[in-house]
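Participant: Build me a model from this:
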Amino acid sequence: MKRILAIAALIALASQTPTPTQAQAQKPAQPPAQQAAPQTAPQTAPQTAPQPAQKTLAATMNVYVFPTQGQAANVQSQDEAACYQWAVQNTGTDPFELSKQAQQQTAAAQQQAAQASQGAGVRGAARGAAAGALIGGIAGDAGTGAAAGAAAGLVAGRARARSAQRQAQQQTASTQKATAQQIDNFKKAFSVCLEAKKYMVKY
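Facilitator: Okay, here's the model as predicted:
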């Protein structure tokens, strides 16, 4: 009798224990995993090219100035302006005005040479032909005299044109040399002033 009760108890216990399939079925359903949002690459600001540094007054004249006492840029600018005025007063030369005048003189000389060259041979030939015709008429052959005179006049006219061009070139070279000497004297005075203000100057 006891054995029968024990067997009945085991059967009842077995019927109450869930099977693995039933256990999985009884588990609460897990929510679906959320997909991570796609990552986007961080946007970088567009790079701009660095702006070139503004030239100082000295740099425009190819004069290089270094502040040996650590002077600020605005102080150096003021010192350069003051020394520029001092050098103008003591040399009588303003490099910017001098360069402008030299360019104008060079242009004028070149224009005169071009005008002298333009048509110089034709004008010389015409004058030579007239003179040759006159001489040939006296000699009894005006046509031959005119032809000879025209040839001689053409050669003479071209020679005068070449001479005018050489004179223009010589005048231009002389103007440039004088301008360079005046600017060099100005730079010396400009440098002396800046050196007195504790700058190192080279040109």
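
Participant: Next SSE downstream of the lowest-mean-pLDDT helix or strand in the chain?
Facilitator: Every helix and strand of the chain was ranked by mean pLDDT, DSSP states H and E. The lowest is helix 20-26, at a mean of 49. Downstream of helix 20-26, the next assigned helix or strand under DSSP states H and E is strand 64-67.

Participant: Please point out which parts of that next one sit buried.
Facilitator: Judged by neighbour count (16 or more other C-beta atoms under 10 Å), strand 64-67 contains these buried residues: Val65, Pro67. (Glycine included, C-beta is placed from N, CA and C.)

Participant: Does that strand pack against any helices or strands, and if so which?
Facilitator: helix 73-91, strand 199-202 (3 or more C-beta pairs under 8 Å, 6 or more residues apart in numbering; DSSP states H and E).

Participant: what's the single longest helix in the chain?
Facilitator: helix 142-196 (DSSP state H).

Participant: And that one, what does it pack against?
Facilitator: helix 73-91, helix 95-117, helix 120-139, strand 199-202.

Participant: buried stuff in the shortest one?
Facilitator: Think strand 199-202. So for strand 199-202, counting by 16+ other C-beta under 10 Å, buried means Tyr199, Val201.

Participant: just the second one next, same as before
Facilitator: Judged by neighbour count (16+ other C-beta under 10 Å), helix 95-117 contains these buried residues: Pro95, Leu98, Ala102, Gln105, Thr106, Ala109, Ala113, Ala116, Ser117.

Participant: and that helix, what other elements does it pack with?
Facilitator: helix 142-196.

Participant: mean confidence for the helix it packs on?
Facilitator: The pLDDT scores in helix 142-196 average 80.

Participant: what angle sits between it and helix 73-91?
Facilitator: Comparing the axes of helix 142-196 and helix 73-91 via axes from the mean of the first three to the mean of the last three C-alpha atoms, to 10 degrees yields an angle of 120 degrees.

Participant: Report the angle between helix 142-196 and helix 95-117.
Facilitator: Note on geometry: by the same axes, to 10 degrees, helix 142-196 and helix 95-117 are set 170 degrees apart in direction.
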